[in-house]
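K.L.:
Below are the sequence and a predicted model; questions follow.
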Amino acid sequence: MSQLRRAAWLLLFFSALPLGAADRVVVGSKNFEESRLLGEIFAQLLESRTGLEVERRLGLAGTQVCFEALKTGAIDVYPEYTGTGLVAILGEPAKGGAARTLGRVRAEFLSRWDLWWLSPLGFENSFEIAVPRELAEREKLTTLSDLARVSKTLRGGFGHEFVGREDGLLGLEKTYGLKFAEVEHLQQAIQYQAAKARRIDALDVYTTDGRLILYGLKVLEDDRGFFPPYEAAALVRGETLKRHPEVGSVLGLLAGAFDEDAMRALNLRLQEGQESEAVVARDALRSLGLIDKEKGGMAEAPRGRGLINYVWGERAALFRLTLEHLGLAAAALALGALVAIPLGLWLERRRSWAEPVIRVLGLLQTVPSLALLAFMIPFLGVGTLPATVALWVYSLFPIVRNTYTGVRDADPRAVEASTALGMTPAQILREIRLPLAAPVVMAGLRTAAVLTVGTATLAAFIGAGGLGEPIVTGLQLANTAMILSGAIPAAALALLVDAVLGRVERALRPAGLEVRR
Amino acid sequence: MPPTLEAAGVAKTYADGTTALAGVSLAVERGETVALVGESGCGKTTLLRLFNRMVEPSAGEVLVEGRRAADLDPIELRRRIGYVPQDGGLIPHWRVARNVELVPRLLGWDAGRREARVREMLELVGLSATVHGPRYPAELSGGQRQRVAFARALAADPPVILLDEPFGALDLITRLELQRQFLELKRRLGKTTLLVTHDLDEAFRLTDRIGVMKAGRILQLAPAAELAASPADPYVRELIELRGTN
């Protein structure tokens, strides 16, 4: 028995470890379209040019998550921007040109963490100021100095954050002597519409935003070097390069491969929401001649505009994501039950412990799910393991509480009489308390299951997949069909799980508790 | 022969500081039926529960058939003492027959012997093994449930029966019928019985001796006639007089 139990624990332990770490690389990315696209480009290039197995962890929630994941070895490589490395990770002020910034982050990352910046990909994605193309032509605007010349007659429309920052509008006004006739604070999505309608004449943008093409906008050159340089490059673990030097040489092929115009065009294809990053990445690599035109047999899925067409087109992927989602929730729930039911029973025997233990578990419940998921990363990296652990933590409270109260409150008069007639505590637990508490325990499991299925959508933020993946990606791409393609099945799944477990709960209700007289 | 149940100078103070028993002595002879009467909180239930070790005394000694209860294994002791609480305490998800064979099963009786015993016990209390045996407690009336509780208490033929307000929750007609049957059982089986009740009438009709309790003490312990003829305490006299008026 104890050997069996030990074997089960070992199995559980090893199944949680990354498998076959030796000949596998994990590619990560942040959760916006350009980062995902670059991650996918890295992944496809590595797949076609090395014998390595490539795992994708695309769409991780932001710089801190990606960076932690890289440091801990949960991922091997992800696309990063030199300016972000300097300002957000090293915490240094943004000054100096592109070359100085690259040199600085290369030296610091190498000595502090053995992380390597490969050669930049050829484009920057910084803050920029754009104006409508016709205005630029009429007023002959190519640089920000040109803009300063005519700014007194123009209306600016800027994002809320940009207006207030020293490295935003405030600094820009000082550096170039800009003075707009009017400044409006606008949401990013509205800025583009407003520029198109000529309600505003200048706006803050990101260099490689595809909408610059869509809305006919021209980016003005930062001729005084006010904005810090944000060159994109692959950031790789030194350990990975030592183990697989080919990762460095293959990704090195992308040095200088994309200029701003090319990147804008690729981003636009994603932003229009009709093509997947896999397709766009493959086209980009093919046009660079980096992967074989005959290879990579993934058919371009015909995608309609409507939700139903979209879902139908993606049914295979959605089915896989649904299974992944259920798997994640089921694993967390099973582990939860395995720990929480015995814990609830134990607390019933040690009632002075019950209050504090249940209170602590209840407190854990109030930690926002995203924060809990992020908290797991330094310890467990990214992917399925930390997501399962986080969901497991959430599942404990309802199961422990219901097990404890269910067993404690099971028909006190029957328990008293059977004690007085000579049943042992173990017999009472097994034959009276547990059967009477079963529906209550099951109700706790049911609550935990619905909670777990719901929260599992957030697991996509740390690369654990599931139905959260189309939701998270869809949110970034502002693609409603994509969001709903994840959200609707996730909600349906929660309802289904609730209904099924509700039936189990009724089935577990011991006979004799309803009056049938 | 020592008394079957004996309490000697027993006191009980609960963890919260309330004193339930303040020095009580009591002896119940073999085959005798003794009632403990008093208002709620007088300690009568605590005194009853000392004998099956559902309550442990803070001071004094409890003896069952001449042996110190504290030296006996509580589980084995309880299996030799029948018990009927006010609400029956039947196990709701067990059928009537399973409830009745509770103690015989704990004692390891074989199936045939148990089945015969269940039949005999249900008939003894005026129920039918074929009609009532397969039912769940919730499918019975309150009076029927209480009969099942008596059958369960008697099933393993224990020498001692402890009854804690067994007729308290029943309507008048049912109560009188069950009390009548109790007297018959008492005559036929001759078990040593301790009955807790707040109903002096019931105590007068059903028992051989009555202990009147107040504030954790027994004020007087005597046969009904003696209690009525010469009450030893103003409280006892008041109780007797009140009984006379209704």
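P.N.:
Perfect, I can see it now. Numbering: from 1, shown residues only, chains lettered A, B, ... in the order given.
K.L.:
State the distance from whichever residue of chain B sits closest to chain A to A:Arg413.
P.N.:
Scanning chain B for the residue nearest chain A gives B:Gly89, at 2.6 Å (criterion: CB to the nearest CB). Where you see a C-beta, it was placed from the backbone N, CA and C, and this is true even at glycine. Noted for B:Gly89: a distance of 5 Å to A:Arg413, by CB to CB, to the nearest Å.
K.L.:
In terms of neighbours, single out the busier of those two.
P.N.:
Legend: neighbour count by other CB atoms under 10 Å in any protein chain shown for B:Gly89 and A:Arg413, higher for B:Gly89 (26 against 15).
K.L.:
wait, what's in contact with that one?
P.N.:
B:Gly89 is in contact with A:Arg413, A:Ala414, A:Glu416, A:Ala417, A:Ser418, A:Ala420, B:Ala149, counting by CB atoms under 8 Å, 6 or more residues apart in numbering or on different chains.
K.L.:
now B:Thr4
P.N.:
Residues near B:Thr4 by CB under 8 Å, 6+ apart: B:Val28, B:Glu29, B:Arg30, B:Gly31, B:Glu32, B:Val64, B:Glu65, B:Pro159, B:Val160, B:Thr192.
K.L.:
Got the confidence number for A:Val441?
P.N.:
Predicted confidence (pLDDT) at A:Val441: the value is 93.
K.L.:
what about it, neighbour count?
P.N.:
Per other CB under 10 Å, the neighbour tally for A:Val441 reads 25.
K.L.:
now the one 10 residues further on
P.N.:
Under the neighbour criterion other CB under 10 Å, A:Leu451 is assigned a count of 22.
K.L.:
just checking, what packs against the host helix or strand of it?
P.N.:
According to DSSP states H and E, A:Leu451 maps onto helix A:434-455. Judged by 3 or more CB pairs under 8 Å, 6 or more residues apart in numbering or on different chains; DSSP states H and E, the packing partners of helix A:434-455 are helix A:315-349, helix A:384-408, helix A:480-508.
K.L.:
tell me the mean pLDDT over the shortest one?
P.N.:
Taken as a whole, helix A:384-408 has an average pLDDT of 92.
K.L.:
Kindly calculate the angle that the helix or strand that it is followed by makes with helix A:384-408.
P.N.:
Downstream of helix A:384-408, the first helix or strand assigned by DSSP H and E is helix A:412-420. Interaxial angle, helix A:412-420 versus helix A:384-408 (axes from the mean of the first three to the mean of the last three CA atoms, to 10 degrees): 80 degrees.
K.L.:
Report the spatially nearest residue to residue 136, omitting neighbours in sequence.
P.N.:
Just so you know, I chose chain A. Nearest non-adjacent residue to A:Ala136, counting by CB to CB, 6 or more residues apart in numbering or on different chains: A:Lys218, 4.3 Å away.
K.L.:
ah, I was thinking of chain B
P.N.:
Going by CB to CB, 6+ apart, B:Tyr136 has A:Gly512 as its nearest residue, at 3.3 Å.
K.L.:
In which helix or strand does that neighbour reside?
P.N.:
Of the helices and strands defined by DSSP H and E, none includes A:Gly512.
K.L.:
Run a quick neighbour tally on it.
P.N.:
By other CB under 10 Å, the residues close to A:Gly512 number 20.
K.L.:
Wait, A:Ala460 touches A:Leu475, no?
P.N.:
No. A:Ala460 lies out of contact with A:Leu475 (CB atoms under 8 Å); the separation is 10.2 Å.
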